[in-house]
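Asker: next comes the sequence, and after it the predicted model I'd like to discuss.
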Amino acid sequence: MKKIDKAGQPQQYTDWRNEMKGKENEDYRNMPGDIRGVLLQALNEEQGYLCGYTMRKITTDTSHVEHIKPESICREEKRGSDLDYDNLIACHPKKTEKNKTEFLYGAIYKDNWWDDEGKGFISPLNPQCELRFDFNLKGEIIPLSKEAKKTIEVLGLDHKTLTEDRRRAIIEFIYGPNGDAPISSNKAMQAINSIVERSRDGSFYVFCIAIQKALQKYIDSLGKAASKRKYSAQSKKK
């Protein structure tokens with residue numbers, strides 16, 4: 001999970017919210033299409049075009065506006081609270097009837113889950129969210145706390161399809177497109193930091209946090225192999 005830094009809602013969305021404030025139609029479902037488009041674009045840019053839950057690459061054509069706290073629950077509690085910008089992120093995929101059955105992970109899998117007021121769920125807005133999960137070279141996600149374990153369960157982040165896609169991204173980054181050109185330890189160490197930085201177009205590398213964690217595992221394995229070779233060479237000299 002990549003931490004999301006909220007940049008502030010777009011002006012057009014702010015203006016529309018102000019216009020609706022206190023009225024009966026102050027409701028996410030009543031948002032005009034053009035305002036919804038502006039909102040989704042802002043969320044995509046804010047997140048560097050990565051899904052807020054899965055770290056898949058997204059665009060406005062392949063994502064939807066997700067309410068971390070379900071919009072129906074927000075409306076039950078207070079009119080207009082389903083428009084709270086700090087509760088909105090962009091997620092893969094675009095919502096369609098077909099996608100509801102095909103994607104068994106992420107926002108669609110989470111659906112309207114909000115047990116115990118969301119306690120135990122790690123939001124991508126949590127400043128520590130990137131530290132709560134680990135990833136290995138196989139693309140597997142490892143919970144580092146009971147909250148992380150619950151979040152993986154709620155979002156299906158260990159789904160085999162998502163895991164395999166992470167694995168492929170990791171292997172391609174570290175071992176090359178054909179899997180036979182591993183990067184050096186020095187390049188891997190440089191990539192540890194650069195992989196989680198925005199590119200010139202403002203986007204993040206797909207599955208960047210998973211790749212960063214896997215790079216550390218790769219560097220550790222190279223270090224162990226070097227130590228083993230050194231020990232073996234010294235033993236032969238004796």
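Answerer: Great, that's in hand.
Asker: quick one: mean pLDDT over the helix or strand harbouring residue 65.
Answerer: Assignment of secondary structure by DSSP states H and E places residue 65 within strand 64-67. What strand 64-67 shows for mean pLDDT is 97.
Asker: so after it, what's the next helix or strand?
Answerer: Next along the chain after strand 64-67, taking DSSP H and E as the criterion, comes helix 71-77.
Asker: pLDDT averaged over the helix or strand following that next one - what is it?
Answerer: Using DSSP H and E, the helix or strand that follows helix 71-77 in sequence is strand 88-91. Regarding strand 88-91, the rounded mean pLDDT is 98.
Asker: same for strand 88-91, what does it pack against?
Answerer: Using 3 or more C-beta pairs under 8 Å, 6 or more residues apart in numbering; DSSP states H and E as the contact criterion, the elements in contact with strand 88-91 are helix 33-46, strand 64-67. Bear in mind the C-beta positions are built from the backbone N, C-alpha and C, glycine included.
Asker: again, only using 6 Å
Answerer: Other helices and strands packing on strand 88-91, by 3 or more C-beta pairs under 6 Å, 6 or more residues apart in numbering; DSSP states H and E, are strand 64-67.
Asker: neighbouring strands for the strand it packs on, and are they parallel or not?
Answerer: Sheet partners assigned to strand 64-67 using DSSP bridges are listed as strand 88-91 (antiparallel).
Asker: how far is the partner strand from where the chain is centred?
Answerer: Distance of strand 88-91 from its chain centroid, counting by C-alpha atoms, centre = their mean, to the nearest Å, is 10 Å.
Asker: what's next to it, contact-wise?
Answerer: 43-44, 47, 51-53, 63, 65-66, 107 (C-beta atoms under 6 Å, 6 or more residues apart in numbering).
Asker: now stretch 33-51
Answerer: 2, 4, 7, 10, 12-13, 16, 58, 60, 65, 90-92, 198, 203-204.
Asker: which of those scores worst on pLDDT?
Answerer: Confidence-wise, residue 7 trails the rest of the contacts of stretch 33-51, at 93.
Asker: pull the contacting residues for it.
Answerer: Taking C-beta under 6 Å, 6+ apart as the contact definition, residue 7 lies against residue 46.
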